[in-house]
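> When you get a sec, could you give me coordinates for this:
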Amino acid sequence: MDGAVSLGKAKAVTATARKIAVLFYNALRHGMDYADPGASYYEERYRRRVINNVHRRARALGFVLQEVADDAPAGAVS
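Take a look at the predicted model:
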């Protein structure tokens, strides 16, 4: 089973390297400037992805999640 895991890692590394190379080539070819979206952009994307995954898993288990009101104390259970 270890062979499948390392093959998956190798494919992921190759795919990521190719994606970066294509982006770099197109930026040079078309004279585009690189605009760094910043760390907060990636943190927000990660946060949204985690929240969506929690909602999806809750639905799969038969639960419905609700947002907590801002005025509720932290850790409140209703």
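
> for residue 71, helix, strand, or coil?
Three-state assignment for residue 71 (DSSP: H, G, I helix; E, B strand; the rest coil): coil.

> For the most centrally placed residue in the chain, what is the enclosing helix or strand?
By C-alpha atoms, centre = their mean, the chain has its centre lying nearest to residue 46, at 4.5 Å. Following DSSP states H and E, one finds residue 46 within helix 39-60.

> can you list contacts of that helix?
64, 65 (C-beta atoms under 8 Å, 6 or more residues apart in numbering). Using the backbone N, CA and C atoms, a C-beta is placed for each residue, glycine as well.

> State the mean pLDDT of that helix.
Helix 39-60 carries an average pLDDT of 96.

> what's the distance between residue 36 and residue 54?
As for residue 36, its distance to residue 54 is 29 Å (criterion: C-beta to C-beta, to the nearest Å).

> same thing with residue 69?
18 Å.

> Looking at the two, which has the bigger crowd around it?
Ranked by neighbour count (other C-beta atoms under 10 Å), residue 69 and residue 54 place residue 54 first, with 12 against 8.

> how is the chain carved up into domains?
Domain segmentation of the chain under automatic domain parsing yields 1-35, 37-69.

> pLDDT value on residue 8, please?
pLDDT for residue 8: 86.

> Make 517 the first number, not 1, from now on.
Shifting the count to begin at 517 puts that one at residue 524.

> Check the secondary structure at it for me.
Residue 524 ends up helix, using three-state DSSP.

> Count the residues that sit near it.
By the other C-beta under 10 Å criterion, the neighbourhood of residue 524 contains 10 residues.

> dump the residue contacts of residue 579.
If you count contacts by C-beta under 8 Å, 6+ apart, residue 579 has none.

> Check the secondary structure at it for me.
Assignment for residue 579 (three-state DSSP): coil.

> Give me the pLDDT for it.
Here the pLDDT value assigned to residue 579 is 96.

> ok, now the one 3 residues further on?
According to the model's per-residue confidence, residue 582 sits at a pLDDT of 91.

> Give the full set of residues in contact with it.
Counted by C-beta under 8 Å, 6+ apart, residue 582 has zero contacts.

> so how far is residue 576 from it?
Distance from residue 582 to residue 576, by C-beta to C-beta: 17 Å.
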